[in-house]
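J.: Task: produce atomic coordinates for the following.
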Amino acid sequence: MKRPIYEKLLKFQKENRYPFHMPGHKRRLTNEISAHMFQWDITEIDGFDELFDPSGIIKESMEGLKEFYKTKKTWYLVNGSSSGNMAAIGGTFHRGEGILLGRNCHASVYRAVELFGLKPYYIYPSYEEKWKLYGAVIPEEIDQILRNNREIKGVVITSPTYEGVVSDIHSISKVCKKYNAVLIVDEAHGAHFPFSEYFPKSAVECGADLVIQSLHKTMAVPNQGALLHLSSNRVKMERIEHYQAMFQTTSPSYVLLASMEYGIDHGRESQEEWRQYEQCLDEYRKKWEDLKVLHLLEPSDLKKGSVWDYDRGKLVITTNPAFLTGKELKEELLNKYHLQMEMCETNYVIAMTSYIDEMEAFCRLDEALTKIDQRLEKQKRRIINQSTGKNQKYQPLSAAKWERIYTPSEAVEKRKRKVNLKDAEGKIAGSYIYLYPPGSPILVPGEKINIKVLEKIEEYLYNKMEVKGLQDNKIDIIE
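T.: Alright, predicted model coming up:
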């Protein structure tokens, strides 16, 4: 049998590629666990407790989590934040109930809506057309939707966003309590917030009922390590217990459990590393103000209302597609400078940082951005089509209001067929269409396909972005 995964990883170790991406340990942290992984890799044998019915060491460890995070209960997740999102939704809602979603929620949230037969309503975060990214969710808009739709039993939003934008969770929590709606916050990208006052406050502190965090994204924890926090008495703990067990493996990795425990403790004890990291962010953010064509996104760049707070550990490097697209910038940083970014959009890339990052990494990124920016400044602007090739000004995707014809659970049971994208307008989507990362659906099964959505898909395809859910530029529709 060939070993392509093993061989690829073996080859990868010889490359000088620096990770400006998750996981947050940045392949730098070594300890007893990493050095002796196979010796630590056991199952639920005598004396080592059970993840879903803890009474020994796992219970003791989770009591420590509850104390540190100041929650009613915190669960370890060995299947990542996706399992936490699904458990939180399953434990909060009953079949057929209304749920209000931020339209930029992760695909796992939509999968849960589909699985539990919920009726989705959408809240559209503010949108920055200049930078082509979502901002914050506005509390007053949630108030209006909940006031007019009393069948909605809870709200799910993403904060921070992939780009680091944090919503006003405190005010949103007050609105939700006013209408007796549960607030679930997908804080996957904010697991580092509780460890330093330099960063925004966690949704756990700001009044959310359930909060999901991906430790592996920004902390010294391997992939799949995450937490689910219950922070109020407004949700039955027993139901969350039931569903968090349902969405996780019955053979949890003790290597991962120990790594999460270690990673949290390491974060608490590494105050000097946090201080150096914060100084480094401030220094280079100030330095990159001098870039001419490239630009590092700052909270001041966003319109009032688009941002409540901001995670300065996220480096969103924007570019003008008339000089360079986000994908081209990502590829140049990788191929020429051996810097691996986390993701790209049509007009920006994201570099994810953590307190484990070394100063040399920021120096390398600075050198690369400076050289690329100097080259672009001398370069003649080019004509680049960001949509379909027509000389026409298109409205942004944010202008599209997705019309739901069927709920996702109804849609997936319908008969489907494939049609070319150019023939899909007005049809009903039969599958998810999304860019990954970040994994937020452009289309959800059961939604009517409008021209704004098709233009966005065509723009992604034109710029050679990987759109998931298409086959040979054909899309599933409901017959």
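J.: Give me the below-cutoff pLDDT ranges for the stretch 201-350 of the chain.
T.: The model of the stretch 201-350 of the chain has no residue with pLDDT under 70.
J.: Give me the phi and psi for the residue nearest in space to the middle of the chain.
T.: In the chain, the residue lying closest to the centroid (CA atoms, centre = their mean) is Tyr162, at 4.9 Å. Dihedral pair for Tyr162: phi -60, psi -30, per degrees, to the nearest 10.
J.: Can you tell me how far it is from Leu461?
T.: Tyr162 is 21 Å from Leu461, where distance means CB to CB, to the nearest Å. Just so you know, the C-beta spots here come from the backbone N, C-alpha and C atoms, and that holds for glycine as well.
J.: what's the nearest residue to Ser83 if we skip its chain neighbours?
T.: Phe247 (4.0 Å; CB to CB, 6 or more residues apart in numbering).
J.: Could you give the number of residues near the one you found?
T.: As a burial measure, Phe247 scores 21 neighbours (other CB atoms under 10 Å).
J.: pretty sure it is in contact with Ala87, am I right?
T.: Yes: under the criterion of CB atoms under 8 Å, Phe247 makes contact with Ala87 at 5.2 Å.
J.: Can you give me the neighbour number for Ala237?
T.: Careful, residue 237 is Met; it's not Ala. Met237 has 12 neighbouring residues, counting by other CB under 10 Å.
J.: is it true that it touches Lys72?
T.: Yes: between Met237 and Lys72 there is a contact under CB under 8 Å: 6.8 Å.
J.: Give the residues shared as contacts by those two.
T.: The contact sets of Met237 and Lys72 overlap at Leu230 (CB atoms under 8 Å, 6 or more residues apart in numbering).
J.: Confirm that Ile477 sits in a strand.
T.: Yes: assigned with DSSP: H, G, I helix; E, B strand; the rest coil, Ile477 falls within a strand.
J.: Tell me how far the residue nearest to Ser83 lies from Ile57.
T.: 23 Å.
J.: cool, and Thr43?
T.: Distance of Thr43 to Ile57, computed by CB to CB: 14 Å.
J.: the helices in the stretch 151-300 of the chain, which residues?
T.: Along the stretch 151-300 of the chain, counting by DSSP state H, counting those that start in this stretch, helices occupy 169-178, 215-218, 237-246, 254-269, 271-287.
J.: any idea of the angle the longest one forms with helix 254-269?
T.: So that's helix 271-287. Per axes from the mean of the first three to the mean of the last three CA atoms, to 10 degrees, the angle that helix 271-287 makes with helix 254-269 is 70 degrees.
J.: Helix 271-287 packs against which elements?
T.: Helix 271-287 is packed against helix 359-378, with contacts defined by 3 or more CB pairs under 8 Å, 6 or more residues apart in numbering; DSSP states H and E.
J.: name the helices or strands packed onto whichever helix or strand comes after the helix it packs on?
T.: Using DSSP states H and E, the helix or strand that follows helix 359-378 towards the C-terminus is helix 408-411. Applying 3+ CB pairs under 8 Å, 6+ apart, one finds that helix 408-411 makes contact with helix 107-115.
J.: Which helix or strand lies directly C-terminal to the helix it packs on?
T.: Counting by DSSP H and E, the element after helix 107-115 in chain order, helix or strand, is strand 119-123.
J.: Against which helices or strands is that next one packed?
T.: strand 98-102, helix 139-148, strand 152-158.
J.: Please work out which residues outside stretch 466-479 touch it.
T.: With contacts defined as CB under 8 Å, 6+ apart, stretch 466-479 is touched by 406, 411, 414-421, 424, 427-436, 442-443, 445-446, 449, 457, 460-461.
J.: Can you tell me which of the residues you listed are buried?
T.: 406, 411, 416, 421, 424, 427-435, 442-443, 445-446, 449, 457, 460 (16 or more other CB atoms under 10 Å).
J.: Spatially, which residue comes closest to Leu118, not counting chain neighbours?
T.: Ile99 (4.7 Å).
J.: what about stretch 12-32, average pLDDT?
T.: The pLDDT scores in stretch 12-32 average 88.
J.: ends of it, how far apart?
T.: 23 Å (CA to CA, to the nearest Å).
J.: before we move on, what about stretch 467-479?
T.: End to end - CA to CA - stretch 467-479 spans 23 Å.
J.: and His21, how many neighbours?
T.: Other residues close to His21 by other CB under 10 Å number 18.
J.: Now do the phi/psi pair for it.
T.: phi -150, psi 170.
J.: For Asn223, see how far away it is.
T.: 11 Å.
J.: next one: Val185
T.: Here Val185 is placed at a distance of 22 Å from Asn223 (CB to CB).
J.: Those two: which is more packed in?
T.: Using other CB under 10 Å as the criterion, Val185 and Asn223 rank with Val185 on top: 31 against 14.
J.: Check that one and give its pLDDT.
T.: 98.
J.: what about the stretch 351-479 of the chain, any weak spots by pLDDT?
T.: For the stretch 351-479 of the chain, the stretches with pLDDT under 70 are 383-401.
J.: change it to 50
T.: By pLDDT under 50, the low-scoring segments of the stretch 351-479 of the chain are 387-396, 399.
J.: ok, how many other residues are close to Ser270?
T.: 17.
J.: got it, and the one 5 residues further on?
T.: Using other CB under 10 Å, Arg275 is surrounded by 13 other residues.
J.: cool, Glu63 as well?
T.: By the criterion of other CB under 10 Å, Glu63 has 13 neighbours.
J.: swap in Ala107?
T.: Counted with other CB under 10 Å, residues neighbouring Ala107 total 18.
J.: residues contacting it?
T.: When contacts are counted by CB under 8 Å, 6+ apart, Ala107 touches Tyr432, Tyr434, Tyr436, Gly439, Ser440, Pro441.
J.: helix, strand or coil for the closest residue to the fifth one other than its chain neighbours?
T.: Closest residue to Ser440 apart from its sequence neighbours, by CB to CB, 6+ apart: Asn104 at 4.8 Å. Reducing the assignment at Asn104 to three states with three-state DSSP gives coil.
J.: doesn't Leu133 make contact with Asn104?
T.: No: if you go by CB under 8 Å, Asn104 and Leu133 don't touch, sitting 9.3 Å apart.
J.: Residues that sit against both of these two, list them.
T.: What both Asn104 and Leu133 touch, as defined by CB under 8 Å, 6+ apart, is the set Thr161.
J.: highest average neighbour count across the helices and strands packed on strand 119-123?
T.: Ranked by mean neighbour count, the helices and strands packed on strand 119-123 are led by strand 152-158 with a mean of 25 (mean count of other CB atoms under 10 Å).
J.: mind giving me a markdown table with the helices and strands packed on strand 119-123 and columns for mean pLDDT and distance to Val255?
T.: Output for those, formatted as a markdown table (pLDDT from 0 to 100; distance: least, CB to CB, whole Å):
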| stretch | mean pLDDT | distance to Val255 |
| --- | --- | --- |
| strand 98-102 | 97 | 34 |
| helix 139-148 | 98 | 40 |
| strand 152-158 | 98 | 29 |
